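Peer 1: can't give you the sequence, but here's the structure:
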């Protein structure tokens, strides 16, 4: 099994706010991230795929397929998006954790048949990033992402 990670970057905006909490509690929980005007990030999305490779299939995924995933799935959805509404999930709280899982769900149906989606990592700031390995959690064969 060979693992391949590709990355793309997107500017997007969000506001951390839970409709389950009142204003004071939202500010206590999310601090400046609860600002009504929202705030933006340059999100870095790293996608790790895996596949068996051999002479008949020498790549985990061909480079054209990576370009298509970025240009037809990720970019139209994430570039200059409002992360609070872009995934069409009612009452979506756009934490890094939820955004990472939503990107996994977005990509899953578009991953070529012979490959496995291993992980999605979202770098939100230089100080924090989030990794999602699917509903089963990290697999023993999954390599840690750096």
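Peer 2: It's in. What you are looking at is a predicted structure, and each value in this text was computed from that prediction instead of being measured.

Peer 1: Report the buried residues of the strand or helix carrying residue 104.
Peer 2: In the assignment (DSSP states H and E), residue 104 maps to helix 96-107. Applying a neighbour-count criterion of 16 or more other Cβ atoms under 10 Å, the buried positions in helix 96-107 are 96, 98-104, 106-107. C-beta: built from backbone N, CA, C; applies to glycine.

Peer 1: mind checking the SS state of the closest residue to residue 85 other than its chain neighbours?
Peer 2: By the measure of Cβ to Cβ, 6 or more residues apart in numbering, the closest residue to residue 85 outside its immediate chain neighbours is residue 92, 7.4 Å from it. For residue 92, the assignment made with DSSP: H, G, I helix; E, B strand; the rest coil gives coil.

Peer 1: Tell me the buried residues in the helix or strand harbouring residue 131?
Peer 2: Using DSSP H and E, residue 131 falls within strand 128-132. Under the neighbour-count criterion of 16+ other Cβ under 10 Å, strand 128-132 has 129-132 buried.

Peer 1: how far out from the middle of the chain is it?
Peer 2: A distance of 8 Å separates the centroid of the chain from that of strand 128-132, by Cα atoms, centre = their mean, to the nearest Å.

Peer 1: which residues sit against it?
Peer 2: Counting by Cβ atoms under 8 Å, 6 or more residues apart in numbering, the neighbours of strand 128-132 from elsewhere in the structure are 44, 96-97, 99-101, 103-104, 119-124, 145.

Peer 1: what distance separates the start and the end of stretch 29-42?
Peer 2: 23 Å (Cα to Cα, to the nearest Å).

Peer 1: typo on my end, it should be stretch 15-25
Peer 2: The first and final residues of stretch 15-25 sit 14 Å from each other (Cα to Cα).

Peer 1: Kindly report the same for stretch 46-55.
Peer 2: This stretch, stretch 46-55, spans 27 Å end to end (Cα to Cα).

Peer 1: What's the first helix or strand after the helix or strand hosting residue 8?
Peer 2: Per DSSP H and E: residue 8 is located in strand 2-14. Following strand 2-14 in sequence order, the next helix or strand is helix 23-30 (DSSP H and E).
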